[in-house]
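Colleague: 3D, please:
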Amino acid sequence: MPVNSKAIGKTYDPTVYAVGREKIREYAHAVGEINPVHIDPQAAREAGFADVVAPPMFAVVYAGPAVIPAMFDPEIEMNFAMMVHGGQEFVWGPLVVAGDEITTTATVKDISERAGLGYYIFESVSVNQRGEEVCRGTWTNIVRGV
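Modeller: Predicted coordinates:
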């Protein structure tokens, strides 16, 4: 079945994520991050931050929920039984700290077919409560047998 590229450019409702200290700590422990600025509020303050700092890949936690509705949109027609994770790329802005409120919007950037593979590329843009872009993500999914 050929890919349906009609949804390119479609933007989805934003999601809002309130960044909590314990979520940052849990994430840091889960990924083996031992830098004290990610775990200890005092160490973070001594380093000049308002609270603990989210490790960079914490972006998946606050941005992922915005991308999921795009991936499951029936208009996209993605065959999940044949899908593999193609990759993620992020460009970070100001650091995210506990207490931030991150709003993320997802857009369908491209849907294409090459050599029998469907490429579904989504972009997420995350901004903090001050309107600063904290992260821009590219999420690539590959569907075999299109």
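Colleague: hey, let's count contacts and neighbours off CA atoms from now on
Modeller: Fine.
Colleague: which outside residues touch the lengthiest helix in the chain?
Modeller: In the chain, with assignment by DSSP state H, the single longest helix is helix 59-71. Helix 59-71 has contacts (Cα atoms under 8 Å, 6 or more residues apart in numbering) with 12-17, 19, 76, 78, 102, 104-108, 122-126, 135.
Colleague: May I see the buried residues of it?
Modeller: For helix 59-71, the neighbour count (16 or more other Cα atoms under 10 Å) marks 59, 62-67, 70-71 as buried.
Colleague: what's the distance between stretch 18-37 and the middle of its chain?
Modeller: Here the centre of stretch 18-37 is set off from its chain's centre by 17 Å, with Cα atoms, centre = their mean, to the nearest Å.
Colleague: my bad, stretch 124-143
Modeller: Per Cα atoms, centre = their mean, the displacement of stretch 124-143 from the mean C-alpha position of its chain is 6 Å.
Colleague: Give the buried residues for it.
Modeller: Buried residues in stretch 124-143 (16+ other Cα under 10 Å): 124-128, 133-143.
Colleague: for the residues you listed, which one is nearest residue 37?
Modeller: Nearest to residue 37 out of those is residue 134 (Cα to Cα; 17.7 Å).
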